[in-house]
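Colleague: could you look at this predicted model? Sequence included:
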Amino acid sequence: MSHEQHPTDPLPTRAIAWSEGSWTTAPVAVAEDGSSLRVTAVEGSDAWRHTAYGFVHDTEHALVAPFPVGSAMEVEFHADFQEEFDQAGLFVRTDEERWMKAGVEYADGVLGLGAVVTDIRSDWSIAPVPEWSGRRIRVRVSRGVDALTLRAAADDEEFRLVRVVPYAGERNASAGPFVCAPTRAGLEVTFTAWRQTAADAALH
């Protein structure tokens, strides 16, 4: 007899096919190489709203799929950033005014780990991780009933807690890998995994 998954059962881990996602903004080029996806960003692509800079950018290249409460999404990619504000990671989006991007970004000459959280206006948190440069980066976001929990790691190191973000459970949301190149052309990022699994059971 087949077993029906009970609503409270943990979600099984599964790989998400690149074809399951849709782009918020199309990149210059996309190429599949086996299980990997190489994305070339448009010069000037970015996501930001108002705060401090006075502009609105809504041109990130995010490949997103449904992101329900109780699930987590993870992406893996290689980061060898060298130009100001080169960035990649995982994007969570409800609409143009409510979203989060989490991952690594090259800013002021140093690779940083952080997030931009936007609810009408954007904020930005970042901490230096120069030792992550050129390594395989893993970003994981768990969705609870009222929050997103962001964790990240390099290679096979343990995930570190980066941020906890208020995010209403009744919102529809989608999520997946993203790339932005605010200041230059030619940025390529290779994503090696995109998966969905159960949300983290505990914050600590």
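Modeller: Perfect, thanks for sending it.
Colleague: residue ranges in the protein under the pLDDT threshold?
Modeller: 1-10 (pLDDT under 70).
Colleague: measure the most centrally placed residue in it to Tyr53 for me?
Modeller: For the chain, Leu90 is the residue whose C-alpha lies nearest the centre (C-alpha atoms, centre = their mean; 0.6 Å). Distance from Leu90 to Tyr53, counting by C-beta to C-beta, to the nearest Å: 23 Å. Placement of C-beta: from N, CA and C, glycine included.
Colleague: what does Glu170 give?
Modeller: 30 Å.
Colleague: these two - which one has more neighbours?
Modeller: Each of Glu170 and Tyr53 has its neighbours counted (other C-beta atoms under 10 Å); Tyr53 has more, 12 against 7.
Colleague: which element is the more buried one on?
Modeller: Using DSSP states H and E, Tyr53 sits in no helix or strand.
Colleague: can you check Trp48 too?
Modeller: Going by DSSP H and E, Trp48 is part of strand 47-49.
Colleague: give the pairing partners of that strand; include direction for each.
Modeller: strand 56-58 (antiparallel) (DSSP bridges).
Colleague: need the contact list for the nearest residue to Ala29 once chain neighbours are set aside.
Modeller: Sequence neighbours aside, Thr40 is the residue nearest to Ala29 in space, at 4.2 Å (criterion: C-beta to C-beta, 6 or more residues apart in numbering). Residues near Thr40 by C-beta atoms under 8 Å, 6 or more residues apart in numbering: Pro27, Val28, Ala29, Val30, Gly186, Leu187, Glu188.
Colleague: same deal with Val141?
Modeller: Ala72, Met73, Glu74, Leu90, Val92, Met100, Ala102, Leu148, Thr149, Leu150, Arg151, Ala175.
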